[in-house]
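**Student:** Task: produce atomic coordinates for the following.
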Amino acid sequence: MGIITLVSYLVAKEGYTFAFTGATPQCSKCRFKRVCVDKLRPGHVYRIVRVLNIRNRCPVNEYVVTVEVEEALIEASIPKRLAVEGMIIDYRKVGCNMLKCKFSSICKPKLLPSTCKVKVVKVHGKLKCPKGLTLVKALVRVV
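**Tutor:** Down below sits the predicted model:
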């Protein structure tokens with residue numbers, strides 16, 4: 001079973017993935033704070049797995065909907081030397097300035113911060129980096 005939490009009604013759809021950035025100042029006085037923001041960890045990425053369709057008013061998002069989430073896996077490129085399944089690594093986005101590269105979405109995933117600790121869940125194989133970097137494609141989870 002995942003985590004029961006609240007999200008804006010605008011994004012309450014199965015499969016929606018989001019990075020939790022933290023609570024707002026208005027959240028500290030809200031009666032739903034414990035179920036809404038206290039169960040989520042800032043910097044972590046979550047995917048909605050079930051929508052429960054219970055709506056409540058929210059001072060920040062107008063309405064929120066009760067959902068079940070789980071920590072999401074993110075596709076990212078990592079150095080080959082760190083590509084060991086189960087290993088926790090210090091992740092850094094690839095420092096590359098190529099704008100038209102076909103790997104840019106996994107070298108700089110939007111949902112991951114520039115640096116963070118991640119667990120390597122699955123290694124998929126080597127990337128043919130146009131700059132010659134020794135990278136592999138992997139599924140990672142923020143820890």
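**Student:** Show me where the protein has its strands.
**Tutor:** Secondary structure of the chain by DSSP state E: the strands cover 3-8, 17-19, 45-58, 62-71, 74-79, 88-92, 115-126, 135-142.
**Student:** So which of those is nearest Lys33?
**Tutor:** strand 3-8 (9.7 Å; C-beta to C-beta). Any C-beta I mention is one placed from the backbone N, CA and C, and that applies to glycine too.
**Student:** picking up where we left off before, just so I know, which of the strands of the chain lies nearest Val35?
**Tutor:** With C-beta to C-beta as the measure, strand 3-8 is the member of the strands of the chain nearest Val35 (6.3 Å).
**Student:** Next, the angle strand 62-71 makes with the closest one.
**Tutor:** Using axes from the mean of the first three to the mean of the last three C-alpha atoms, to 10 degrees, the direction of strand 3-8 lies 140 degrees away from that of strand 62-71.
**Student:** picking that back up, what would the strands of the chain look like in CSV with distance to Lys33, mean pLDDT and mean neighbour count?
**Tutor:** Supplementary listing: the strands of the chain in CSV, determined by distance: least, C-beta to C-beta, whole Å; pLDDT from 0 to 100; neighbours: other C-beta atoms under 10 Å:
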stretch, distance to Lys33, mean pLDDT, mean neighbour count
strand 3-8, 10, 97, 19
strand 17-19, 18, 96, 16
strand 45-58, 11, 96, 16
strand 62-71, 12, 96, 18
strand 74-79, 27, 96, 20
strand 88-92, 30, 96, 16
strand 115-126, 25, 95, 15
strand 135-142, 22, 96, 21
